[in-house]
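Asker: A structural model of the following input is requested.
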Amino acid sequence: MGVTETQTASPPTKRPVRQLLAASVGNAVEWYDWYAYTFLATYIAAQVFPKSADNSLVPLLSTFAVFAVGFFMRPVGGLLMGAVADRHGRRTALTVTILLMGGSSLLVGLTPTYAAVGVLAPVILVLARLLQGLSVGGEFAASTTFLVESAGPGRRGLFSSFQYVSTTVGQ
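Answerer: Numbers count the residues shown, from 1 in each chain. Reported below is the predicted structural model:
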């Protein structure tokens, strides 16, 4: 039995493995940066939040509250980067998300201490986490679509599975 015209799908991209690796590496970097914050939370708490609290748990809880702020931006990032991807292409959207994540992670690393700038330190940290949330939300939506579009017929499930695999590698 031959394939009829109604059964044919769009031809696969010329370099599907390269696109698979590029999307996977980008996704792994995004999620690595996203979770690096949690591993550094005790150090961030000690430097960015005031130590005058009687309970040392308060700065740590504040650090995790800032981590939670990033989750609110993830759906916004998916919507925003989805629009960018539709207008300018998936590659552009993925490049923007990686640059945004790199810049926001740099901002977290360069956040001054509470002792140096006072309340501005937590404000900068919240801004950086908002940008990270925007970036991760955009990366998740754009990279999944990019992976599916990069695969040929019969390979879409395999290619889209690399979204989960690369997220786990990044974590």
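Asker: for the residue nearest the centre of the chain, give its distance to Leu57.
Answerer: Most central in the chain under C-alpha atoms, centre = their mean is Val136, positioned 2.2 Å from the mean C-alpha point. Between Val136 and Leu57 the computed distance is 27 Å (C-beta to C-beta, to the nearest Å). The way it works is simple: take the backbone N, C-alpha and C, and place the C-beta from them, glycine included.
Asker: before we move on, what about Leu120?
Answerer: 23 Å.
Asker: just Leu21 next, same as before
Answerer: In terms of C-beta to C-beta, Leu21 sits 43 Å off from Leu57.
Asker: you'd agree Arg155 is up against Pro16?
Answerer: Yes: taking C-beta atoms under 8 Å as the definition, Arg155 is a contact partner of Pro16 at 7.4 Å.
Asker: quick one: the helix or strand bottoming out on mean pLDDT in the chain to chain centroid distance?
Answerer: Across the helices and strands of the chain, mean pLDDT, DSSP states H and E gives its lowest value to helix 16-39, namely a mean of 85. Distance of helix 16-39 from the chain centroid (C-alpha atoms, centre = their mean, to the nearest Å) equals 8 Å.
Asker: which residue, other than its chain neighbours, is closest to Tyr32?
Answerer: Distances taken as C-beta to C-beta, 6 or more residues apart in numbering put Gly170 closest to Tyr32, at 4.1 Å, once the chain neighbours are dropped.
Asker: how about Arg74?
Answerer: Closest residue in space to Arg74, ignoring its immediate chain neighbours: Gly137 at 3.4 Å, by C-beta to C-beta, 6+ apart.
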